[in-house]
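**Student:** could you work out the structure for the sequence below:
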Amino acid sequence: MNSPVALLLGVHAHQPVGNFPEVVDDAHARCYRPFLETLIEYPEFKFTIHFSGWLLQYLFDKFPQDMALLARMVARGQAEVFGGGDTEPVLAAIPARDRIGQIRRLSARTQMLLGATPNGAWLTERVWESLVVPALSEAGIRMVTVDDYHFLCAGKQPEELLGYFSTEEEGHQLDLFPISEALRYRLPFAPAPEAVGFIEGQSREGRRAAAIYFDDIEKFGIWPQTHEWVYGKGWLRQFIEGVLASNTIQTEHFAEYQQRERTQGVIYLPTTSYTEMNEWTLPAPQATRYATLVDEQKAKGQYDPFKPYIRGGIWRNFLSRYSEANWMHRRMLSLSRRVQALPLAQRSSRLIDLLYQSQANDAYWHGLFGGLYLPHLRRAIYNALVELERGIDTVAPRPDVQREDLDLDGHDEIFLHNDTLQIVVRDDADAAIIEFDAYALRHNFGDTLRRRDEHYYRKMAHGEHAHVQGDGIASAHDRVRFKHAITPTDLEADRRPRALFVDQWISADDSHRVAPHYVCDPATPAVQVAFQAEVPGGFVRKSYEVSDDRILVKYTVRCTQDCRIETQINLAMPSCDGFLGRFVYEGQIPGGFGESLTLDAANALVLEDGVLGGSVELLLSQPARLGAAPLHTVSQSEDGFEKIMQAVTITLEWALPAGEHDLVVSMQPIGAAPDHSKSSTRATPAVVA
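**Tutor:** I've put the predicted structure just below:
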């Protein structure tokens, strides 16, 4: 006789740090609230839930009555709470000390708000590396959930994955529950009776099996079509009532199952994540070959048995694929070390808050999900990093000029800063500014993204389509949709970096257009950094200086005949193409950041940004032909393909007669420091990092 099936059903709720409040509120209205309002009516239906810390706090602060429903379900034993990193970091990508601090902070938060201290944890994006085990264990975590794919890659068979396994690292033990991919793809996309029937089919003779589900709660109301499907058409109620009516299924908490059933044995998992992530993390050509191989194997009906051996990349590949992600990551790691080096009394809760905010995962990667392509999510990381660095400098000053290869790309970065501004110049052939921080504005004007070839561009050729199994609805993984019209020009990859002061030398007759190949000039005053380059028929010297509240970029150009020199300045302006971003020229407003602008002989321009709460003033010592245009990239999300503005690209071009010329560009950010005195102290449980 078959034994009952324990349904271990968990949902994970997260919104990126820095997401727009209206987006979070919409997610609450369409998903979090109706989910809780439905579950509260079925006290005998047990489930597990995980919220990232900042989202949990936000919802308790703004929607206390709704979140009280969750607290009631926890108190009556219906809801089990899982922990994890407070700001939803990829634990493997942050230092061990911060892993422990992040986990303890979320545990303290859930205890404070929900009266529950978790002993299970959600791993961000199910990224598994064995090095996270000690930190999880030291922070009081006894179990985590990862994909069944992880276990298949370790040599297990699907029929073995109906319970949990144990692993260890450096003497620390952790139990691992395999999330069923088949169940993930059915909930909530397959009709409820079909999903219930699938769970009943997991029953085994003589063994109490577990049907294990843990996935994004946003699939229950935010993904396309799901709100109407799950709540309007009653899928969730049908599913819950079908489970409760079943003679085979018993809902249970992970901790209950762990206490009642013995481990299935020891296992050591390879470094991996879910299969889609392993594809997204590959460079475009390799991702295409990978996807082609998978499609071929599926067409032959041979994919499932060979699936564990057809692997893509690992999550950390995003840091090598995208230089912008790598730079943010290396900056975060560097500042984490500086925080750790402070005496304990100087590690204020504000500094720890900022450090943890800078570790939020979303802006470091890109696929169908992930927010690297979203400027407001990268901006949230830099807001935290810039303020954190300024705060550390206050108690532990550093030299005004520093040089190191921080991002491990084989080229030094040169940091020049004062109490107001900072620029980071990369000592390579372009000798451009890759970071431009205004401390008062907590903003990096160099935070942009170059256009790259992406694997998903190839999906556009097939037009909009969706794959639906049976009478259900399509998952976002099986849907291609266009939010914006995309042209071939939009998909052209950049040949050079998107930075500030990326130069081009142009001969008068246009016969030569070359990028100066700069080398650092060692005979530079201590407060400057300078570079020089030989070009056809001339010579260029470029120097950078941080002077009080502005940066000065000085060119000395020698040409044997008439020539033109051009420089491209990519400025990250938070308003992007919204109505709060505009150009101001000679007291007039010639347009917004989302429009093109051409001025034949300009010596000044102001960029006003209402979202930033400030502006940037550009002054030229000699008039130049000035062009400005929005920089767009093409991204994908669960809502479809879309064009996203990354920066305002300003091009300055000087036509110069033969001889020697001195050109100076001054850039001054203007704006007041934000007021943090009104920050909620309840958002920071008292946990020492």
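**Student:** what's near enough to touch Phe501?
**Tutor:** 431-433, 542, 553, 567-569, 665 (Cβ atoms under 8 Å, 6 or more residues apart in numbering). Quick note: C-beta positions are derived from backbone N, CA and C, even for glycine.
**Student:** kindly recompute the last result at 10 Å.
**Tutor:** 423, 425, 430-433, 436, 542, 544, 551, 553, 555, 567-570, 652, 665, 667 (Cβ atoms under 10 Å, 6 or more residues apart in numbering).
**Student:** thinking Asn173 is in contact with Arg142, fair?
**Tutor:** Not Asn; residue 173 is Gln. Yes - using Cβ atoms under 10 Å, Gln173 is in contact with Arg142, at 8.0 Å.
**Student:** looking at those two, which is more packed in?
**Tutor:** Between Gln173 and Arg142, counted using other Cβ atoms under 10 Å, the more crowded position is Arg142 (16 against 13).
**Student:** what phi and what psi does the backbone show at the more buried one?
**Tutor:** When read as degrees, to the nearest 10, the backbone of Arg142 gives phi -120, psi -10.
**Student:** ok, now Thr556?
**Tutor:** Per degrees, to the nearest 10, the backbone of Thr556 is at phi -110, psi 120.
**Student:** how many other residues sit next to the residue lying closest to it once chain neighbours are set aside?
**Tutor:** Excluding the flanking residues, the one nearest Thr556 by Cβ to Cβ, 6 or more residues apart in numbering is Arg541, at 4.3 Å. Using other Cβ under 10 Å, Arg541 has 17 other residues around it.
**Student:** need the contact list for Arg541.
**Tutor:** With Cβ under 10 Å, 6+ apart, Arg541 has these contacts: 516, 518, 521, 530-533, 554-558, 662.
**Student:** equivalent analysis for Pro536, please.
**Tutor:** Pro536 neighbours (Cβ under 10 Å, 6+ apart): 505, 507, 511-514, 559-560, 563.
**Student:** most neighbours among the residues you listed, please name it.
**Tutor:** Cys563 (25 neighbours).
**Student:** in the sheet, who's paired with that residue?
**Tutor:** Ser507, Leu656 (DSSP bridges).
**Student:** how much space separates it from Val557?
**Tutor:** 8 Å (Cβ to Cβ, to the nearest Å).
**Student:** okay, and the common contacts of the two?
**Tutor:** 505, 535, 538, 540, 654, 656, 661.
**Student:** out of the contacts of Arg541, which are buried?
**Tutor:** 516, 518, 530-533, 554-555, 557-558 (16 or more other Cβ atoms under 10 Å).
**Student:** and the residues you listed as JSON lines, adding secondary structure, distance to Gly410 and pLDDT?
**Tutor:** Converted to JSON lines, the buried ones among the contacts of Arg541 look like this (DSSP: H, G, I helix; E, B strand; the rest coil; distance: Cβ to Cβ, whole Å; pLDDT from 0 to 100):
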{"residue": "Pro516", "secondary structure": "coil", "distance to Gly410": "20", "pLDDT": "96"}
{"residue": "Tyr518", "secondary structure": "coil", "distance to Gly410": "15", "pLDDT": "97"}
{"residue": "Ala530", "secondary structure": "strand", "distance to Gly410": "21", "pLDDT": "96"}
{"residue": "Phe531", "secondary structure": "strand", "distance to Gly410": "17", "pLDDT": "97"}
{"residue": "Gln532", "secondary structure": "strand", "distance to Gly410": "21", "pLDDT": "96"}
{"residue": "Ala533", "secondary structure": "strand", "distance to Gly410": "19", "pLDDT": "96"}
{"residue": "Lys554", "secondary structure": "strand", "distance to Gly410": "27", "pLDDT": "97"}
{"residue": "Tyr555", "secondary structure": "strand", "distance to Gly410": "26", "pLDDT": "97"}
{"residue": "Val557", "secondary structure": "strand", "distance to Gly410": "29", "pLDDT": "96"}
{"residue": "Arg558", "secondary structure": "strand", "distance to Gly410": "30", "pLDDT": "95"}
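**Student:** now, among those residues, which is nearest to Glu279?
**Tutor:** Distance to Glu279 across these (Cβ to Cβ) is lowest for Tyr518, with 37.9 Å.
**Student:** tell me the domain ranges of this protein?
**Tutor:** Domains of the chain are assigned by automatic domain parsing as 5-277, 455-461+473-671.
**Student:** dump those domains into JSON lines; add distance to Ala396 as well.
**Tutor:** Shown next, in JSON lines, are those (distance: least, Cβ to Cβ, whole Å):
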{"stretch": "domain 5-277", "distance to Ala396": "17"}
{"stretch": "domain 455-461+473-671", "distance to Ala396": "20"}
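**Student:** give me whichever of these is most buried.
**Tutor:** Comparing those by mean neighbour count (mean count of other Cβ atoms under 10 Å), domain 5-277 ranks first with a mean of 20.
**Student:** that one - what's its average pLDDT?
**Tutor:** For domain 5-277, the mean per-residue pLDDT is 96.
**Student:** so how far is it from its chain's centroid?
**Tutor:** 21 Å (Cα atoms, centre = their mean, to the nearest Å).
**Student:** compute the first-to-last residue distance for that domain.
**Tutor:** One end of domain 5-277 sits 30 Å from the other (Cα to Cα, to the nearest Å).
**Student:** what's the answer for stretch 425-435, then?
**Tutor:** Stretch 425-435: ends 7 Å apart by Cα to Cα.
**Student:** in that stretch, what counts as buried?
**Tutor:** In stretch 425-435, counting by 16+ other Cβ under 10 Å, buried: 425-428, 430-435.
**Student:** let's see which of those residues end up in strands.
**Tutor:** 425-426, 433-435 (DSSP state E).
**Student:** now those in JSON lines, with pLDDT?
**Tutor:** Output for these, formatted as JSON lines (pLDDT from 0 to 100):
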{"residue": "Val425", "pLDDT": "98"}
{"residue": "Arg426", "pLDDT": "98"}
{"residue": "Ile433", "pLDDT": "98"}
{"residue": "Ile434", "pLDDT": "98"}
{"residue": "Glu435", "pLDDT": "98"}
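**Student:** is it possible to get JSON lines of those residues that adds distance to His14?
**Tutor:** Formatted as JSON lines, these follow (distance: Cβ to Cβ, whole Å):
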{"residue": "Val425", "distance to His14": "36"}
{"residue": "Arg426", "distance to His14": "34"}
{"residue": "Ile433", "distance to His14": "34"}
{"residue": "Ile434", "distance to His14": "30"}
{"residue": "Glu435", "distance to His14": "28"}
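**Student:** list just the nearest of these to Ile249.
**Tutor:** Glu435 (54.1 Å).
**Student:** which ones are touching that closest one?
**Tutor:** Contacts of Glu435 (Cβ under 10 Å, 6+ apart): 327-328, 331, 382, 385-386, 413, 415, 422-426, 444-447, 499-500.
**Student:** try 7 Å this time
**Tutor:** By Cβ atoms under 7 Å, 6 or more residues apart in numbering, the contact set of Glu435 is 423-424, 444, 446.
**Student:** report the two of these separated the most.
**Tutor:** Applying Cβ to Cβ across the contacts of Glu435, the maximum distance is between Ile423 and Asn444, 10.2 Å.
**Student:** joint contacts of these two?
**Tutor:** In contact with both Ile423 and Asn444: 435-436, using Cβ under 7 Å, 6+ apart.
**Student:** follow-up on the earlier one: need the buried ones among the contacts of Arg541 in CSV with distance to Leu599, can you?
**Tutor:** Shown next, in CSV, are the buried ones among the contacts of Arg541 (distance: Cβ to Cβ, whole Å):
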residue, distance to Leu599
Pro516, 24
Tyr518, 27
Ala530, 29
Phe531, 27
Gln532, 29
Ala533, 27
Lys554, 22
Tyr555, 19
Val557, 21
Arg558, 27
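**Student:** out of the residues you listed, who's nearest Lys643?
**Tutor:** Closest to Lys643, out of all of those and judged by Cβ to Cβ, is Pro516, at 31.5 Å.
**Student:** isn't that closest one right up against Trp505?
**Tutor:** Yes - counting by Cβ atoms under 7 Å, Pro516 touches Trp505, with 5.6 Å between them.
**Student:** which neighbours do the two have in common?
**Tutor:** 535, 540.
**Student:** nearest to Ser348, of the contacts of Pro536?
**Tutor:** Trp505 (48.9 Å).
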